[in-house]
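Trainee: what's the 3D shape of this:
(one chain, ligands or ions: 2)
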Amino acid sequence: GGKWTYDGPDGERHWSRNYPYCGGTFQSPINFQPELLRFDPDLLPIQLQDYNLSSKEQLTLSNNGHSVQLSLPSRMHLTGLPHRYSAAQLHFHWGSSNMPIGSEHTINGKQFAGEMHLVHFNSKYPNISLAVDKSDGLAVLGVFIEVGEFNPAFDQFLKYIKGIKYKDQKVQVAGFNIRELLPARLDEYYRYDGSLTTPPCYPSVLWTVFRNPVSISRGQYLALATALFSSHAQESSPIPLLGNYRKPQLMDNRVALVSFQQ
Ligand SMILES: NS(=O)(=O)c1c(F)c(F)c(S(=O)(=O)CCO)c(N[C@H]2CCCc3ccccc32)c1F
Ligand SMILES: [Zn+2]
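Mentor: Ligands and ions are numbered 1, 2, ... in the order given. Got it, this is the predicted structure:
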C-alpha cells in the first residue's frame, strides 16, 4: 500500500486521508479502563493448537519497514474462540532505547515497554488477504512486554535481528515452541471488537489481550529498539524504526470484556 509512518507528515493523524477506515469507528488500540470493563464468565481459556513447531521448520523473520515480523505456518491455529483462526504472523510494537514505552493497548493509562501481536485469520477464508477486510476475518492475540528477566524464548529469533536491519531484509529462523513467547495464564485476558492498528485499519479484528505481561531483558529490549531501520539498505539517510505504536482510540459505544474478576 501507500507510505505511512508513525510520526511526521504521514503520521497517524494523517492516515485517514489515504485509508478512510483509520478515521472510522471500532478502531484499535484502546485503553482498558477499569470502570468500562465487564466480566464475562463465558470467556474460555484460549487454546493454542500446533504452536510447538519443529526445529526442522523454517520461519521467515523479516523487517517490513513498520515492524519486525515472524511468519507462522497456517496449520498453527486457535480454538476456544467463536471460530477457528489460523496463524499468519507475529510482530512487535516498541518505543525507543531511552523511552521504553511502546505498547499499543494500555491498562488504566499504563503503557508497557512493548507489545507482541500474533495475527490469525478465520479458517473459513483460504488466506489472510481474503480475510483481512471481513468483519469476522481476524483474531489477534496481544501480549504486553515489560523489561525485566532475560527471556530465552525471545532470543530464539532476536539473535537474528542484526540480519534484517533494513526494510525488506529477511532471514530464515528455525522453528521453536511459539507457546513459550506467551504468558503462563491464557485464561486471563481482555476481549473486544476492534481493528488493525496500522493502515488500512480495517475493523475486522477480534482482539484478545492477555492480562499478564511477559518479560525480556534490557539488552533484549535494546536489540528490538535499536537494531532496525524503516528505510532500505541502499538509502543514504537511514531512518531508525522506533515508536511504532498507535495511540489508544475512542471507545465509541464499545464495552471491553474481561475473563477474570480479581
Ligand atoms: N497491530 S496489527 O493490526 O495486528 C498489524 C500490524 F501492526 C502490522 F504492522 C502488520 S504488518 O506487519 O503486516 C505491516 C502493516 O500491515 C499487520 N499485518 C496484517 C494486517 C495487514 C495485512 C496482513 C497480511 C498478512 C499478514 C499480516 C497482515 C497487522 F495486522
Ligand atoms: Zn500489531
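Trainee: For the stretch 101-250 of the chain, what lies in contact range of ligand 1?
Mentor: 117, 119, 128, 132, 140, 196-198 (CB under 6 Å from any ligand atom). Every residue, glycine included, has its C-beta placed from N, CA and C.
Trainee: Show me just the buried residues among these.
Mentor: Buried by 16 or more other CB atoms under 10 Å: 117, 119, 128, 132, 140, 196-198, out of these.
Trainee: In TSV, list the residues of the stretch 101-250 of the chain next to ligand 1 along with pLDDT and secondary structure.
Mentor: Below are these laid out as TSV (pLDDT from 0 to 100; DSSP: H, G, I helix; E, B strand; the rest coil):
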residue	pLDDT	secondary structure
117	99	strand
119	99	strand
128	98	helix
132	98	coil
140	99	strand
196	98	coil
197	98	coil
198	98	coil
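Trainee: now, the most widely separated pair of those residues?
Mentor: Longest distance between any two of these is 15.6 Å, between 128 and 197; criterion CB to CB.
Trainee: of the buried ones among the residues of the stretch 101-250 of the chain next to ligand 1, closest to residue 168?
Mentor: Relative to residue 168, and with distances defined as CB to CB, the nearest of those is residue 198, at 16.6 Å.
Trainee: What residues does the closest one make contact with?
Mentor: 4, 66, 246 (CB atoms under 8 Å, 6 or more residues apart in numbering).
Trainee: Could you do residue 24 as well?
Mentor: Listed by CB under 8 Å, 6+ apart, the contact partners of residue 24 are 16, 195, 201, 203.
Trainee: And for residue 40?
Mentor: Residue 40 makes contact with 191, 257-259, according to CB under 8 Å, 6+ apart.
Trainee: Weed out the non-buried ones from the residues you listed.
Mentor: Using 16+ other CB under 10 Å as the burial test, the contacts of residue 40 include 191, 257-259 as buried.
Trainee: Quick check: which element contains the residue sitting furthest away from the middle of the chain?
Mentor: Going by CA atoms, centre = their mean, the residue of the chain most distant from its centre is residue 236, 29.8 Å out. Assessed by DSSP states H and E, residue 236 sits outside every helix and strand.
Trainee: Could you report the distance from it to residue 228?
Mentor: Applying CB to CB, to the nearest Å, the value for residue 236 to residue 228 is 18 Å.
Trainee: likewise residue 126?
Mentor: 31 Å.
Trainee: next one: residue 182
Mentor: In terms of CB to CB, residue 182 sits 23 Å off from residue 228.
Trainee: low-scoring pLDDT stretches of the protein, where are they?
Mentor: 1 (pLDDT under 70).
Trainee: in the stretch 101-250 of the chain, which spans are helices?
Mentor: 128-131, 152-158, 218-226 (DSSP state H, counting those that start in this stretch).
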